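# After the sequence you'll find the predicted model.
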Amino acid sequence: MKVQVTADLIKKIADLARLELSDEEAVRYAEQVGKVIHYIDELSEVDVTGVAPMVQPFDVDTPLRADEPGPFAPGRDGSPRILECAPEVAADGFKVPQIIEGA
Amino acid sequence: MAAGEFKTIRQIHEAYAQGRVRPSEVLEQFLKPALANSHNAFITVTADAARAVAREQDARLARDKAIPKDQPLFGVPMGIKDAIVTEGIRTTCASKMLASYIPPYSATAYERLRRAGMITVGKLNMDEFAMGGSNENSAFGRVIHPTAPDRVPGGSSGGSAAAVVEGSAVATLGSDTGGSVRLPASYCGIVGLKPTYGRVSRYGLVAFASSLDQIGPLAHSVEDTAHVLQVMAGHDPMDSTSSREAVGDYVGAVEKARASDADWRRMRIGVPRQYFTDGITPEVAASVEAALKWYESQGAKLVPVDLPHTKYAVSVYYVVAVSEASANLSRFDGIRFGYRPETQGLDLANYYRKARSQFGPEVKRRILLGTFALTSGYYDAYYGRACQVRRKIREDFDRAFQSVDLIACPTSPITAFKAGEKSHDPLKMYLVDVFTISANLASLPAISVPCGRDGSGLPIGFQLMAPHFHEARLVQAAAAFEGRGA
């Protein structure tokens, strides 16, 4: 399968990954990523008839635990430390920029 | 042992036990090069906090006149790769995206070392988000090879390797997804070990590829990597992929290597035909062959084995790893941690685009590759197929291990290359990983051990791989080679 990795395709993919690329970057990455994809195309040579894809190294069932809440990184003054990562805090939560119009 | 000469845990602990030196004094020896940072190994040095821990340990040692039995790493200065979260200590993954991120929690592996008495010297430089083989992809500048300034130390745990060689840490933690502990260990002339997938908890290791990542130790000696692994290994309920398999006696395995009737003398060492090909430099080939001949001279048997799907390993990796990475890095959206852009009035998609502008070019390339491989229309031909070939690679190893106890090969076809030599050609850089990648794909434990130097004085490493959870076997065989004498 020979894919034509154009700047246009790269831009579409960048969009899926929410990456912003300049036109110059799109051309550059198209060339570099395209080269790698064409190298990877050698995988089409392999006979994979009847071969199950391997995603997990070991065949184990997902371990379960009792649904018991516990503290995560409790802060010294009682407030959750996780809020220390927040650029802005409001009412015990992460304050985020408004992204919904009219909200 | 004079001040400035401590290199191993054994030397340090003997001196503590004999009252010849205090933890604070040992720490100062390692802090000096850490603060000078002449190879750019460190992103953050935690001198004050380290000194505070050492002072407490001074008092404890003076009072008890012995190292606490439950602290096998008591007073041992170590460096931690900056992909591993450390509570209250900036953790950047060498990325602008996390340049001021201070984690509210610590990785399990780090916590275990800390409770065992390890003193944190600081956080080590790396390729951004662990993506790279040369440590040239850091937002904090490249790491300089500790004995050859125009060369790379290898990556992505370049800082972890440089720190050990320059004497700013006794041992370090790195992470290994496609060779990122073993490759820099090999280029810098030290030992680097990647455990079996699931042997060491990944909780707190910023995820690159969740089915491949493992935290691993680097140090001057096999014994020291064994000490660090012994403390970290074991099931962790916080990591659902961590194994319940019983932890081996790695420190004991080093001791066992010394016995005249040790197991390693009877081991069958597999030599894969596909790993000894044209791409290896003559000096690397000669050095690794000499290492194998040494094992043979001691009674081990060299057995040719076949790993027919070796040639596809790099391709499989650069689909599977990048696909997993594209999913893992989607969490960097400027909301809960990391860089947040100063923009108002954007819709969500544009907000995310601005937030994710801080990735370096290699990270962007891999996210693009991974997103491509997972896109509908390409998914089956790329990601699906790569996972199938991954199983074939795994089956090659399962089959080979039916007739051998270990598999040996060079860690890299080359020695440390010049900075800038491969950075313009991503594919060329990827091919450097050819010998290390398969161990990650097959989830096997592997160790790189120094075995010589090339004409320019650059270190050469050879690699041993063992079946799943047989780190003790790996350590025993590696320790035997290391202890062989001149």
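Structure's in. What do you need?
# Just the closest residue of the stretch 151-300 of chain B to chain A, please.
B:Tyr197 (4.8 Å; C-beta to the nearest C-beta). In short, each C-beta sits where N, CA and C put it, glycine included.
# For that residue, which residues are in contact?
A:57-58, B:211-212, B:214, B:241, B:440, B:443, B:468 (C-beta atoms under 8 Å, 6 or more residues apart in numbering or on different chains).
# just the buried members of the residues you listed?
The neighbour-count test (16 or more other C-beta atoms under 10 Å in any protein chain shown) applied to these identifies A:57, B:211-212, B:214, B:241, B:440, B:443, B:468 as buried.
# Can you tell me the closest non-neighbouring residue to B:Asp127?
B:Ser156 (3.7 Å; C-beta to C-beta, 6 or more residues apart in numbering or on different chains).
# excluding its backbone neighbours, what's nearest the residue positioned nearest the centre of chain A?
When C-alpha atoms, centre = their mean is applied to chain A, the residue found nearest the centroid is A:Ala17 (7.4 Å). Nearest non-adjacent residue to A:Ala17, counting by C-beta to C-beta, 6+ apart: B:Thr371, 4.5 Å away.
# Would you verify that the one you found is located in a helix?
Yes. With DSSP: H, G, I helix; E, B strand; the rest coil as the criterion, B:Thr371 is located in a helix.
# surely it meets B:Ser326?
Yes. In this structure, B:Thr371 is within contact of B:Ser326 by C-beta atoms under 8 Å, at 4.8 Å.
# Overlap of the contact sets of these two?
Joint contacts of B:Thr371 and B:Ser326 (C-beta under 8 Å, 6+ apart) are A:Ala17.
# What about B:Ser314, how many residues nearby?
Careful, residue B:314 is Val and not Ser. Look at B:Val314: counted by other C-beta atoms under 10 Å in any protein chain shown, it has 22 neighbours.
# who touches it in this structure?
Applying C-beta under 8 Å, 6+ apart, the residues near B:Val314 are A:39, B:430-431, B:433-434, B:437.
# Mark which of those residues are buried, thanks.
B:430-431, B:433-434, B:437.
# in the chain, which ranges drop under the pLDDT threshold?
Defaulting to chain A. Applying pLDDT under 70 to chain A flags the ranges A:1, A:74-79, A:100-103.
# Sorry, I should have been clearer: chain B.
For chain B, the ranges with pLDDT under 70 are B:1-4, B:486.
# for it, longest helix please?
In chain B, with assignment by DSSP state H, the single longest helix is helix B:47-64.
# Only the buried residues of it, if you could.
B:50-51, B:53-54, B:57-58, B:60-61.
# And the residues you listed, which is closest to chain A?
Ranked by distance to chain A (C-beta to the nearest C-beta), the buried residues of helix B:47-64 are led by B:Val53 at 18.9 Å.
# Run through the residues that contact the nearest residue in space to the closest one that is not next to it in sequence.
The spatial neighbour of B:Val53 that comes closest, neighbours along the chain excluded (C-beta to C-beta, 6+ apart), is B:Ile119 at 5.1 Å. Applying C-beta under 8 Å, 6+ apart to B:Ile119 gives the contacts B:23, B:27, B:50, B:53-54, B:57, B:75-78.
# Strands of chain A, residue ranges please.
A:89-90, A:93-94 (DSSP state E).
# which residues are contacting the first one?
Just to be clear, that refers to strand A:89-90. A:83, A:95.
# That strand pairs with which strands, and in what direction?
strand A:93-94 (antiparallel) (DSSP bridges).
# And stretch B:443-453, what's buried?
Of all the residues in stretch B:443-453, those buried under the rule 16+ other C-beta under 10 Å are B:443-452.
# Show me which of those residues is closest to B:Gly483.
B:Val449 (11.0 Å; C-beta to C-beta).
# Roughly how far does that closest one sit from B:Asp82?
26 Å (C-beta to C-beta, to the nearest Å).
# ok, B:Ile144 to chain A distance?
Using C-beta to the nearest C-beta, to the nearest Å, B:Ile144 is found at 26 Å from chain A.
# swap in B:Arg112?
17 Å.
# How far does the helix or strand hosting that residue sit from its chain's centre?
Applying DSSP states H and E as the criterion places B:Arg112 in helix B:108-115. How far helix B:108-115 lies from its chain's middle: 16 Å, per C-alpha atoms, centre = their mean, to the nearest Å.
# Which positions in that helix come out as buried?
B:108-114.
# The stretch 301-450 of chain B: strands as residue ranges?
Counting by DSSP state E, counting those that start in this stretch, the stretch 301-450 of chain B has strands at residues B:301-305, B:406-410, B:446-453.
# interface residues of the stretch 1-150 of chain B facing chain A?
Residues of the stretch 1-150 of chain B found near chain A (C-beta under 8 Å from any C-beta of the partner chain) are B:87, B:101-105.
# Out of those residues, give me the one that has the most neighbours.
B:Pro103 (23 neighbours).
# what comes into contact with the longest helix seen in chain A?
Ranked by residue count, the top helix of chain A under DSSP H comes out as helix A:23-40. Residues from elsewhere that reach helix A:23-40 (C-beta under 8 Å, 6+ apart): A:2-3, A:5-11, A:14, A:21, B:314-315, B:318-319, B:364-365, B:368-369, B:372, B:382, B:386, B:426-427, B:430.
# now with 6 Å?
Here helix A:23-40 makes contact (C-beta atoms under 6 Å, 6 or more residues apart in numbering or on different chains) with A:5-7, A:10-11, B:315, B:368-369, B:426-427.
# The strands of the stretch 301-450 of chain B: which one's closest to chain A?
strand B:446-453 (14.1 Å).
# Let me see the backbone angles for B:Thr172.
phi -140, psi 160 (degrees, to the nearest 10).
# How many neighbouring residues does it have?
B:Thr172 - counted by other C-beta under 10 Å - has 31 other residues nearby.
# on that earlier part again, gap between the closest residue in space to the residue of the stretch 151-300 of chain B closest to chain A that isn't next to it in sequence and B:Arg390?
In space, and not counting its chain neighbours, B:Tyr197 is closest to B:Ser443: 3.7 Å by C-beta to C-beta, 6+ apart. Computed as C-beta to C-beta, the B:Ser443 to B:Arg390 distance reads 10 Å.
# so what's B:Cys93 up against?
B:Cys93 neighbours (C-beta under 6 Å, 6+ apart): B:82-83, B:129, B:206.
# Pull the distance from stretch B:450-457 to the chain's centre.
Counting by C-alpha atoms, centre = their mean, stretch B:450-457 comes out at 21 Å from the chain centroid.
# can you check stretch B:131-146 too?
The answer for stretch B:131-146 is 14 Å, by C-alpha atoms, centre = their mean.
# Equivalent analysis for stretch B:118-130, please.
11 Å.
# rewinding a little: closest one to A:Phe72 out of the buried ones among the contacts of B:Tyr197, please.
For these, the nearest to A:Phe72 is B:Thr241 (19.7 Å; C-beta to C-beta).
# correct me, but the closest one touches B:Gly198?
Yes. Here B:Thr241 reaches B:Gly198: they are 5.5 Å apart, a contact under C-beta atoms under 6 Å.
# touching chain A at all, stretch B:161-181?
No. Using C-beta under 6 Å from any C-beta of the partner chain, we find that stretch B:161-181 stays clear of chain A, coming within 13.0 Å at best.
# make that stretch B:408-422, sorry
No. Using C-beta under 6 Å from any C-beta, we find that stretch B:408-422 stays clear of chain A, coming within 12.8 Å at best.
# Now do the buried residues in that stretch.
B:408-417, B:419, B:422.
# for the contacts of helix A:23-40, which one is nearest B:Glu166?
Comparing the contacts of helix A:23-40 against B:Glu166 with C-beta to C-beta picks out B:Pro426 as the nearest, at 28.8 Å.
# quick one: that closest one from B:Met131, how far?
10 Å.
# Please identify which of those two sits among more neighbours.
Per other C-beta under 10 Å, whichever of B:Pro426 and B:Met131 has more neighbours is B:Met131, with 30 against 21.
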